[in-house]
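Engineer: got a structure for you, letters missing:
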C-alpha cells in the first residue's frame, strides 16, 4: 500500500487482548488528538480467540487479521497494511500520552530515523522488577536500544531496514534497533510509556530466571524458536 505523507500509523499487534485494548486505544486517541496530526490505528489481530477484533473496530481501529503467533511477523503485517509515512509500534497493553508521542514526532522531524522510549509498569510489580527496571531503562537509553512495547520510525527507515526480523521470536526489537542505527540517528526518548506489569505478576522471579538461564544456555539461536519463550508466548496472564 502506498504511504500517505503526513499520516501517523499506529500499529498494534494483539492476541487475546480484549481486556487491555480499550484503555490502550483510548489513551492513543487522546494522545494523537492532542498532537493535532492525521493518524490511523491498525490493530493486527493475531489469531485471537476472544473479542479483540470487535473491540478494536468499536474503538476506531482498522483490523488486520493474521495467524502468525509471532510478534515480528505480526508487526510487519501491520506496517504493510498501514498508509502513514511515520510508524509507531505500540503493544496492546501499553499506553502512551501526548508528551511521549510529541517527542517521538519531534525527533523524526529533526532527522531521526526512529527510536524508543522509557518504560514504567502499571500497578504492583515485584520488588526485583522495581529495582531492575530503572537500571535496564538507563542501559537501553545509553546504548540506544528500543524496548519492544514502543518503537517508532519513519516509513523509509522501516523499509530500508527490512522490517522486523521474522526469524526471531524474541529480541526482535533489539535487532530492529541495530538495523535502524546503521541507517541514521536513533533516539531513545527521556519520556516514558506505561505498559502492563501482568507478566511480572504472573510469573515468579525464579521462573523468569530459569527461563532466561535456559535461553542463555542455548545461545543466540534460542530466540529463533518459540521453545522456552513461555514468558512472551505463554497463556498465563494476571
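Structural biologist: That came in fine, so what should we check first? Since the model is a prediction, treat every value here as computed from it, not as a measurement.

Engineer: helices or strands up against the helix or strand hosting residue 133?
Structural biologist: Using DSSP states H and E, residue 133 maps to helix 127-143. Judged by 3 or more C-beta pairs under 8 Å, 6 or more residues apart in numbering; DSSP states H and E, the packing partners of helix 127-143 are strand 114-121, strand 186-195. (C-beta placed from N, C-alpha, C; glycine too.)

Engineer: contacting residues around it?
Structural biologist: 116, 118-121, 125, 146-147, 188, 190, 192, 197, 200, 205 (C-beta atoms under 8 Å, 6 or more residues apart in numbering).

Engineer: Try it again at 7 Å.
Structural biologist: With contact meaning C-beta atoms under 7 Å, 6 or more residues apart in numbering, helix 127-143 is reached by 118, 119, 121, 147, 188, 197, 200, 205.

Engineer: Return the set of buried residues in it.
Structural biologist: Under the neighbour-count criterion of 16 or more other C-beta atoms under 10 Å, helix 127-143 has 129, 133, 137, 140, 141 buried.

Engineer: separation between residue 50 and residue 61?
Structural biologist: The gap separating residue 50 from residue 61 is 15 Å, by C-beta to C-beta, to the nearest Å.

Engineer: higher neighbour count, the two?
Structural biologist: Applying other C-beta atoms under 10 Å to residue 50 and residue 61 shows that residue 61 carries more neighbours, namely 24 against 15.

Engineer: Tell me the backbone dihedrals of the more buried one, please.
Structural biologist: Here is the backbone geometry of residue 61 (degrees, to the nearest 10): phi -110, psi 150.

Engineer: Give me the three-state assignment for residue 87.
Structural biologist: Per DSSP: H, G, I helix; E, B strand; the rest coil, the local secondary structure of residue 87 is strand.

Engineer: Counting by contacts, list what the helix or strand following the helix holding residue 133 packs against.
Structural biologist: Following helix 127-143 in sequence order, the next helix or strand is strand 150-154 (DSSP H and E). Other helices and strands packing on strand 150-154, by 3 or more C-beta pairs under 7 Å, 6 or more residues apart in numbering; DSSP states H and E, are strand 84-90, strand 114-121, helix 172-183.

Engineer: what does the first one rub up against?
Structural biologist: Right, strand 84-90. 3-12, 28, 40, 75, 79, 96, 104, 108, 150-155, 158.

Engineer: and the angle from that strand to helix 172-183?
Structural biologist: 140 degrees (axes from the mean of the first three to the mean of the last three C-alpha atoms, to 10 degrees).

Engineer: Sheet-wise, list the partners of the helix or strand just after strand 84-90 with their directions.
Structural biologist: Elements were assigned by DSSP H and E; along the chain past strand 84-90, the next helix or strand is strand 94-95. Using DSSP bridges, the strands paired with strand 94-95 are strand 186-195 (antiparallel).
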